[in-house]
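**Q** what follows is a protein structure lacking sequence information:
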């Protein structure tokens, strides 16, 4: 489907397959939990606006792309959204059917019609369940779920299915033997499966014929079926994502659709009584997708809520008056990831001493690494998932030590198989069971998991030439706006969140590092920047780096707000300075914890850090919950202003950016990553059943790749309820990201014009864009590369 | 009068009191209550430990109410105190966990209340000394646990699971009731110790055998043995601490009933044989299904089914002390496994890091079995020299366990395994073998005196012993050769059938309407079409 289809007949057949491909591309990828990153759940809706996405998702998933109407009604009652916000949002909506005035808009927020639950268009399984009383959707969910759990298993089960088979072939081999559907009442299903076509494409075409799909109706019918399988479709979409990033393709997603269609085909034949209703449904799928008045009104209310937030932000930013750039050289410069959690800590650190300056930059520090950890044959990609790795690095120790580590790991693994295998599990329990009493006590008291030695310093597998290193160093320093005036010590701080017993551990790590901590990237960059041969080449490349500037890597633990420095190789002469830095970091940690503690359940400044080691803690920290803004500007535009840990802060000085190369990089990489994060939080908050990861209390880790709820069924990608909700209210306010960039409007528009994918995110309102001038909101971006003055907007208000 | 009232009996009373307070504040954020529920669980643990001290100082104890078939008796002997300590320890760990884990749940208060009352009922169950007391406690456990399983009552899956659980569990209660009535009619008492004495002295008779058969049936139903095991694979619909308590404290109550009535059960060779067969079958069946499960909690549930089957097998062989050891060891392991199941993602990721697994050839597997048997010979001889001869049943069980160890040895003997790995797996194997023989020796020392000795095997017992050793041996051998055949097309169907648990649960679903739509669903598609 994702390749050419030379062997298939042209015309209508290929139209069906094109519909299938369009539907497939509307599914967002779900990264496996071992190294998960936030994905925009509306990735497939990027070409349409919020109201149209609502209409589509209502049809295929029974959700709206906005919050529930009651949420807006509440915000209106509380005065969070003002009439000015409503007026502006209403004016901005391009739809003819939009409410006539703001009172009509307010009425929509309280209209019972917009409150009634939506149901997706039914599948044949839904219709058959209604008619026969047998819960076919649940039978399909469990049966396909059991197969998929085995097929995608990365090593949980000892007896996995035959590796290397295409999903479609593997399922056929499974379903020919699986008697569950027949026991549930679908007689002849195994025989039906035996007779299915030999390829997924042919199966899709045959089933589409049997189901009476037209070119017009096929796309949303297929999309509906993909959504029905939830995370399994998204996992398959991830396989395609990875394959395409590497220049190949993958057929799993095609197979998934074929599998679900074969069920529909069989059920329609089994329950012919649903034929009429099904024909009506297909006809409804064939109608052009148009947002209804309700969708439009809710999308406007969402926009109004975001404008309310932008109003507060505009006040908070207030310009450069009063802020001073110290002419003196800072003693300490600390570069943090742009992650919103850094904002709190940066503010705390800067408040500790006036000679401290902080910088915000993507946490992979611009190094596209493929890294093998100590004792590991597996290369992990430490970079944003939009990019492909370019540098191979390793933390392997010497041969003898590496051998020793592996032998230990393999002994542990052999012991694990001894525990898991059929007869030996009895011997295991009798020999080792009683010892678990000690483990229970140590885990219950939070004593386990603390002793972790430092990994060896990462290094490139192939030695890099001095010129390459100097080029790389200069590029990164320029991208960080660090041309001159470097401090005596420059900290490069990656981040990671220590959590215990949490399947979503990687969701707390650095998104720019592919769901790993930023440790490797920070350490490698510090090492390169400290090498004399790198520094020798910097002056030629426009960087004036003082002799005595020392780069030190570190890791900011976002759960405990403690910073570990990797300064083993630092000159001993600098020990006293580093000691001073350490004490500053400790003070900053206390301040940051004190700021965060009131928002965390059951926490005080003293107990925040212990959450990292509590095996029962489902809310170790709030992660990026609350994120709502992305600001690329010099730090003095934001320093000293409390942005509440809700803003991604990227240091950027446009005047030093010749040719606006750095601006282009910011708009196409960090902004896109931040938008994925913000929309993941958004989607998990507004549609927890479809885009959220479910309830952590009943999570059941499957195949090492994800979680299901309870005893089986759909894979649940996205953020768990506990990540965005404290039990009584949402902790993440679902807002689309407001991107604010201190740069000339023309330069910004120029970059957007060259990157249609990024531009469509802004044009369709998945992100808001503002130009800053001297630290103040200057202009708002509108679809079609247009700008409006903020001053007039304020006047109009 | 410290000796007059067993301390272990106070703990259920205390737990029930605090549970009542919790249930009066069922909602979210019940103030300091979660802390209290942990404290009271810890107090129960201290009381149980105090019971042990009391036992050392003053010997066994019991209290009674009513008499005859209605006798309500509780005991404080080494077996009941062991179980009380085990259950209250798990209870403390689980309540401490829940204190954080359940924070912010709508029904937070009632969760703590229900957990504490379930814990109290289990503590009564493990200390019951009469049929009526067993029955009351068992019914109460079923009722409170069902409410916990319905903690997320809007989930159709939870509704289905709880219905299935109640059906099987209370089916077991019914068997227990029949058994109690039969004993009351035949022997005029519900006192389990007295029944055992009578049975040993005068024999059971036809009616007595019938009573034991129902008792064994109750135990089989409550330990989720083949073929009505399905409910246990569905009950992870409740929060993780419920699963931990269920798998560590409740699922073994069938075993506790059997061990409590060991003298009685052993007087019925037919029932013992049934236990060996059903237990052995469940153990192998559950273990093989477990191999195919990719979801961690589901795989743990199948593991419990098989471990409980193994425990029933031990009971059927008359190895009562070892069955009790198995309950203790399994509970500790399984409670930890459930509570830490969130670590499965990183555990699986770690598996692939040190490179591929070395696959042993047929010759290596044969060598490993020979090596394991030699190891067994050495250790068994040593223990025999120091502790005295073992019964045929104990030797057979040792052989079964050593087959398991052979698997560990085999991994080290694979051609591609480095010598250092071979040395370490052999060392680990020896350590495992020595550990369990030591634990077994300790179990005999601790509980052997209080429990009946294994019967002298007759033809039936010998036949069963040989059958058990052979079938476990074959499965162990096949499993060691696993990578050589598991992905062969010929076994693809077998894997599908096993992954589905041989469809027994699906058949039960069909029988009880488990495939039907539940009340919360239905009327789909009305709005748009």
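**A** Cool, the structure landed. These numbers come from a predicted model, not from an experiment.
**Q** in the top helix by length along chain A, which residues are buried?
**A** In chain A, ranked by residue count with DSSP state H as the criterion, the top helix is helix A:293-317. Residues of helix A:293-317 classed as buried: A:293-311, A:313-314, A:317 (neighbour count, 16 or more other C-beta atoms under 10 Å in any protein chain shown). Yep, even glycine has a C-beta here, placed from its N, CA and C like the rest.
**Q** what helix or strand is residue A:409 on?
**A** Following DSSP states H and E, one finds residue A:409 within helix A:399-420.
**Q** and that helix, what does it pack against?
**A** helix A:424-432, helix B:344-352, helix B:392-413, helix B:419-447 (3 or more C-beta pairs under 8 Å, 6 or more residues apart in numbering or on different chains; DSSP states H and E).
**Q** and that helix with helix B:419-447, angle?
**A** 40 degrees (axes from the mean of the first three to the mean of the last three C-alpha atoms, to 10 degrees).
**Q** tell me what angle helix A:399-420 forms with helix B:344-352.
**A** 130 degrees.
**Q** neighbouring contacts of helix A:399-420?
**A** Under the criterion C-beta atoms under 8 Å, 6 or more residues apart in numbering or on different chains, residues A:158, A:374-375, A:396-397, A:424-425, A:427-428, A:432, B:290-291, B:347, B:350-351, B:353-355, B:357, B:404-405, B:407-408, B:411-412, B:417-418, B:420-421, B:424-425, B:428, B:432 lie in contact with helix A:399-420.
**Q** of those residues, grab the buried ones for ChimeraX.
**A** A single ChimeraX command selects the buried members of those (16+ other C-beta under 10 Å):
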select /A:158,374,375,396,424,425,427,428,432 /B:290,291,347,350,351,353,354,357,404,405,407,408,411,412,417,420,421,424,425,428,432
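**Q** could the helices and strands packed on helix A:399-420 go into TSV alongside mean pLDDT?
**A** TSV is the format used below for these (pLDDT from 0 to 100):
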stretch	mean pLDDT
helix A:424-432	91
helix B:344-352	91
helix B:392-413	88
helix B:419-447	89
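**Q** among those helices, which comes closest to residue B:118?
**A** helix A:424-432 (23.8 Å; C-beta to C-beta).
**Q** hmm, who's touching the closest one?
**A** A:418-419, B:283, B:287, B:290, B:303, B:306-307, B:310, B:322, B:325-326, B:329-330, B:333, B:400-405, B:407-408, B:431-433, B:435-436, B:439-440, B:476, B:479.
**Q** neighbours around residue A:543, how many?
**A** 20 (other C-beta atoms under 10 Å in any protein chain shown).
**Q** make sure it is indeed in a strand.
**A** No. Counting by DSSP: H, G, I helix; E, B strand; the rest coil, residue A:543 is not found in a strand; it is coil.
**Q** gap between it and chain B?
**A** In this view, residue A:543 and chain B are 38 Å apart by C-beta to the nearest C-beta, to the nearest Å.
**Q** quick check: that residue touching residue A:480?
**A** No. In this structure, residue A:543 is not within contact of residue A:480 by C-beta atoms under 8 Å, at 10.6 Å.
**Q** for residue 479, what are its contacts?
**A** Just going to use chain A. A:361, A:366, A:662, A:665.
**Q** right idea, wrong chain: chain B
**A** Taking C-beta under 8 Å, 6+ apart, one finds A:421, A:422, A:423, A:424, B:291, B:407 in contact with residue B:479.
**Q** tell me the secondary structure at it.
**A** Assignment for residue B:479 (three-state DSSP): helix.
**Q** got it, and the one 5 residues further on?
**A** Using three-state DSSP, the structure places residue B:484 in helix.
**Q** shouldn't it be in contact with residue B:359?
**A** Yes. Counting by C-beta under 8 Å, residue B:484 does reach residue B:359; the two are 7.2 Å apart.
**Q** element containing residue A:738, please.
**A** Here residue A:738 is assigned to strand A:737-742, by DSSP H and E.
**Q** ok, that strand: who's next to it in the sheet?
**A** Sheet pairing for strand A:737-742, assigned by DSSP bridges, gives strand A:629-633 (parallel), strand A:767-773 (parallel).
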